[in-house]
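Enquirer: no FASTA, just this:
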């Protein structure tokens, strides 16, 4: 073994073992994904989030909004694992319910931005010409706005208007009363901020695969346009987009918490990890009662999710782009 | 003339996710001083890995030279430490690569890249190195060398870059030049120029050359001897004339039959070799070429033929039926 | 390349005008009555009307926009609603200085540490050093500012009492340590990951094999071939961050640590719907980012010989 030591890899130059497997793309992808241990851990974390969000009423031991001053400001106990806040609300229950808030906002916001980004980006990339010009200039304008600032601006200026509009409609009135209407504004703000970046990415991907050799080859062999898009362009542009999708989900969770922390997103009593940090920090309880976890626990959950999504993104990257993945980790 | 390079039972493996790839298997050959040896085979036949092993440039991990001996000028390269092998690389043994477009560092000038070798191995100072770099560029026929020496690689064409590579690798007057398909990425006319250039320089410098190629046509005009590799093994080794006249391995025969010849009226049509090379992870027990071989018999599948002398001690073939193989 | 730069220079004013119009529209049609904010709810009707007239709120929107832009070009960005009598320009300028000092210090520290960590991780790739560095860095980056500021404050100021609990006495004061540390996490992560990724990509390149085949010692292969090539793309990143650091301020960190910077100003003015300040902030930020992007692309073209030629 002394022989080859000290010689560092020389890269692709030498000889790249060819993938000999005929296994299906999916199994092969999963195999590569699961090799990335942290990505698998990420999947578990995200799974836990989804379960908490979906089944919050059954999982949470207490209600998220019921005040019970008899048990206010308690340290952790058998009844209240994470203690209670000033209004006597069970902190564990509120953390679990906040998972639902994030689960509503983040996937919706990301889905809307992705739908818009995919549509506009591929139109711009595939059609070119003035369509591309207009779409990309609009994207430029929106991208020039600083993201959080713009989301804040939208939230500040549009919220009262939208809420009053919804109150006027009989269907949406109940939603407003339940306090969940604000989520729609948060989703909207995040989507407007989110789509232009994706449109750029999609356009670049479409352009590069439109001009690549395998598309030319497919065209030359007489495959029709729709088939070219579906079988050749889409799978190839999808890989990087899925990776970004995973990362954006983490970003959306942070954005929602951030807006709520600033009091411009989800408002109490609906719990959000962001407004929990703010509430618990502002009443000073965490310092005096020596209960700092009231502040860091929601923050830790948000961080954990971001961490999870970023490693899932890494894992997907390896699963979907075998040629980059090998050896880079 | 003495023996310059003597490779004995070289084995190189790659340890990948899918299993152990047997890239080089029991390869032995020798090279005399000043001799030109051609190594022929298709992609993945192990010819590049063999030569990278000689340079000790195998990526580790995943690669590893598992056994063998590489005697160069009386010393076993595999026993040298990192510093000692560096004294050899670029100094006594030089190597040029397939793709001149990517083999030069894009952000350093040509002068910086050539001078590096001169300063390192010949201990020149910057000014002397630059003067020598210009001379070297002139030697490989780069026009206006004095002016172009401070240019960046992207300012040169593919053929010019390969000339620069050659100048860089000849800077320290090596005894052995390994050329790893240096003309594959180039146009036919350019590649003929590069070929002529190497032939001329070889004569001037008196170095030995190992020319790796997948194209037997290139070999004819320049090599003294030819090694044919298949599935990480040498399957035939012969003086160049003998190999063309009477190949003794069905794979070599197949390669010859697949070269288009312009100098004679076509009697038979070109015959491609059917099938694919074997899986190097689950290496076959018998002759690796047997599944594709028109001469194969039951013995070929069961027992691997050794590389053994045929009509002369200089003409070796790894085939049980070498006597039946006819052009 | 030159044509592209000129095209983008020409596009810049349009971009800024469109941004201004959108921001003004949101402010103009947005909720809340600034006059009420300024004078209080019990102000006499005549005074309110006069102020409304004076602020141009009775003008139709296009007139409002044109007036705003022409005044802005003369350097008059209006008067803050919240801080009555204070012109917006100096108000922002003052805060900007504080944020910029913190951001620049954090960016420099973060970049240096990040490049160092990324290089180490890249050189020892796939070893425990690499995994340790990368997962720590990613973990740190996953923590949003609003989540990390308070726990750190708690530890350093409340539990251990090493640092004072926030405030601002200039960059060289002990109070600046915590904000700079928090702000440097972002650039540190980005530069560590990017340096590592670039280094790995470069190390796989053919020209690195060439360098090794010349017989260069590994240290020279790394310093004069690999590192140099992998640091070049980082200039873009650094330029962008530099542009951003001159203008941005962290909402969360500045608000929570009581630092009188641009982030806290933005937070306060958003809550107070102080539209003149908000508008100016948004436009200023957008302009800086756009210009920084442009400058970076030009600078990049001069550093990388491959782009210079095209």
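Expert: Thanks, I have the structure now. Only a predicted model underlies this, so the values are computations on that prediction, with no experimental measurement involved.
Enquirer: distance check, the residue most central in space within chain C against chain B.
Expert: The centre of chain C sits closest to residue C:244, judged by C-alpha atoms, centre = their mean, with a distance of 3.0 Å. Per C-beta to the nearest C-beta, to the nearest Å, residue C:244 is found 27 Å from chain B. All C-beta atoms are positioned from the backbone trio N, CA, C, and that covers glycine.
Enquirer: outside of the strand or helix carrying that residue, which residues touch it?
Expert: Counting by DSSP states H and E, the element that carries residue C:244 is helix C:234-247. Residues from elsewhere that reach helix C:234-247, judged by C-beta atoms under 8 Å, 6 or more residues apart in numbering or on different chains: C:96, C:100, C:103-104, C:106-107, C:111, C:115, C:187, C:190-191, C:194-195, C:198, C:262, C:284-285, C:288-289, C:291-293, C:295-297, C:299-300, C:303.
Enquirer: are any of those buried, and if so which?
Expert: Neighbour-count burial (16 or more other C-beta atoms under 10 Å in any protein chain shown) is assigned, among the contacts of helix C:234-247, to C:96, C:100, C:103-104, C:106-107, C:111, C:115, C:187, C:190-191, C:194-195, C:198, C:262, C:284-285, C:288-289, C:292-293, C:296-297, C:300.
Enquirer: which of the residues you listed are close to chain A?
Expert: C:285, C:289 (C-beta under 8 Å from any C-beta of the partner chain).
Enquirer: tell me which of the buried ones among the contacts of helix C:234-247 fall in helices.
Expert: Residues of the buried ones among the contacts of helix C:234-247 located in helices (DSSP state H): C:96, C:100, C:103-104, C:106-107, C:111, C:115, C:187, C:190-191, C:194-195, C:198, C:262, C:284-285, C:288-289, C:292-293, C:296-297, C:300.
Enquirer: quick check: longest helix in chain B by residues?
Expert: Under DSSP H, chain B gives helix B:188-205 as its longest helix.
Enquirer: now that helix: average pLDDT?
Expert: What helix B:188-205 shows for mean pLDDT is 84.
Enquirer: may I ask which helix or strand encompasses the most centrally placed residue in chain A?
Expert: The centroid of chain A falls nearest to residue A:249 when counting by C-alpha atoms, centre = their mean (0.5 Å). Taking DSSP H and E as the definition, residue A:249 sits inside helix A:234-261.
Enquirer: which element follows that helix toward the C-terminus?
Expert: Assigned by DSSP H and E, the successor of helix A:234-261 is helix A:273-282.
Enquirer: who does that following helix touch, helix- and strand-wise?
Expert: Counting contacts by 3 or more C-beta pairs under 8 Å, 6 or more residues apart in numbering or on different chains; DSSP states H and E, helix A:273-282 packs against helix A:91-127, helix A:234-261, helix A:293-320, helix C:145-153.
Enquirer: so which helix or strand of the chain has the lowest pLDDT on average?
Expert: Picking chain A for this. helix A:322-325 (a mean of 46; mean pLDDT, DSSP states H and E).
Enquirer: any weak-confidence spans in the chain?
Expert: In the absence of a named chain, chain A is used. When residues are selected by pLDDT under 70, those of chain A lie in A:1-25, A:146, A:179, A:213-215, A:219, A:225, A:229, A:232, A:284-290, A:321-329.
Enquirer: oops, wrong one, chain C.
Expert: Flagging of chain C using pLDDT under 70 yields the residue ranges C:1, C:31-34, C:37, C:296, C:299-310.
Enquirer: repeat that for the stretch 151-300 of chain B.
Expert: Using pLDDT under 70, the stretch 151-300 of chain B drops low at B:260-270.
Enquirer: please name the residues that touch the spatially closest residue to residue C:198 that is not a sequence neighbour.
Expert: Excluding its sequence neighbours, the residue lying closest to residue C:198 (C-beta to C-beta, 6 or more residues apart in numbering or on different chains) is residue C:230, at 3.5 Å. By C-beta under 8 Å, 6+ apart, the contact set of residue C:230 is C:122, C:195, C:198, C:199, C:201, C:202.
Enquirer: ok, so of these, who is nearest residue A:208?
Expert: residue C:201 (17.8 Å; C-beta to C-beta).
Enquirer: quick one: contacts for the closest one?
Expert: Per C-beta under 8 Å, 6+ apart, neighbours of residue C:201: residue C:230.
Enquirer: from the contact counts, what lies against the helix holding residue A:249?
Expert: Partner elements for helix A:234-261 (3+ C-beta pairs under 8 Å, 6+ apart): helix A:91-127, helix A:147-168, helix A:181-210, helix A:273-282, helix A:293-320, helix C:145-153, helix C:251-257.
Enquirer: report the separation between the residue in the stretch 51-200 of chain C that chain A sits nearest to and residue A:85.
Expert: Closest residue of the stretch 51-200 of chain C to chain A, C-beta to the nearest C-beta: residue C:147 (2.6 Å). In this view, residue C:147 and residue A:85 are 17 Å apart by C-beta to C-beta, to the nearest Å.
Enquirer: so how far is residue C:214 from residue C:254?
Expert: Residue C:254 is 53 Å from residue C:214, by C-beta to C-beta.
Enquirer: typo on my end, residue C:35
Expert: For residue C:35, the distance to residue C:214 - C-beta to C-beta - is 76 Å.
Enquirer: for residue B:200, same thing?
Expert: 23 Å.
Enquirer: so for those two, which residue has more residues nearby?
Expert: Remark: of residue B:200 and residue C:214, residue C:214 carries more neighbours, 26 against 13, as counted by other C-beta atoms under 10 Å in any protein chain shown.
Enquirer: give me every residue that touches that one.
Expert: B:89, B:90, B:116, B:117, B:120, B:168, B:169.
Enquirer: ok, the third one - how many residues close by?
Expert: In this case it means residue B:116. When neighbours are counted by other C-beta under 10 Å, residue B:116 comes out with 24.
Enquirer: tell me the helix or strand right after the host helix or strand of it.
Expert: Using DSSP H and E, residue B:116 maps to helix B:110-122. Next helix or strand after helix B:110-122 toward the C-terminus (DSSP H and E): helix B:126-139.
Enquirer: beyond that next one, next helix or strand please.
Expert: Next element after helix B:126-139 (DSSP H and E): helix B:145-148.
Enquirer: could you report the separation of residue B:289 from chain A?
Expert: Counting by C-beta to the nearest C-beta, the gap from residue B:289 to chain A is 18 Å.
Enquirer: OK, contacts around the residue lying closest to residue A:50 once chain neighbours are set aside?
Expert: In space, and not counting its chain neighbours, residue A:50 is closest to residue A:103: 6.5 Å by C-beta to C-beta, 6+ apart. Each residue near residue A:103 by C-beta under 8 Å, 6+ apart is listed here: A:49, A:50, A:53, A:54.
Enquirer: what does chain C put close to chain B?
Expert: So far as C-beta under 8 Å from any C-beta goes, chain C lies against chain B at C:205-207, C:209-218, C:220, C:224-225, C:228-229, C:232, C:304-306, C:309.
Enquirer: now those residues: which count as buried?
Expert: C:205-207, C:209-216, C:218, C:220, C:224-225, C:229, C:232, C:304-305.
Enquirer: just the ones in strands from the residues you listed, please.
Expert: Among these, no residue falls in strands (DSSP state E).
Enquirer: in the helix or strand residue A:133 falls within, which residues are buried?
Expert: Assessed by DSSP H and E, residue A:133 sits inside helix A:129-144. By 16+ other C-beta under 10 Å, the buried positions in helix A:129-144 come out as A:132, A:135, A:136, A:138, A:139, A:140, A:141, A:142, A:143, A:144.
Enquirer: list the contacts for the residue of the stretch 101-250 of chain A found nearest chain C?
Expert: Here the stretch 101-250 of chain A gets closest to chain C at one residue, residue A:157, 3.4 Å apart by C-beta to the nearest C-beta. Shown in contact with residue A:157 (C-beta under 8 Å, 6+ apart): C:26, C:27, C:29, C:30, C:31.
Enquirer: skip the chain neighbours and tell me the closest residue to the fourth one.
Expert: Taking C-beta to C-beta, 6+ apart, and ignoring the residues beside it in sequence, residue C:30 has residue A:157 as its nearest neighbour in space, at 3.4 Å.
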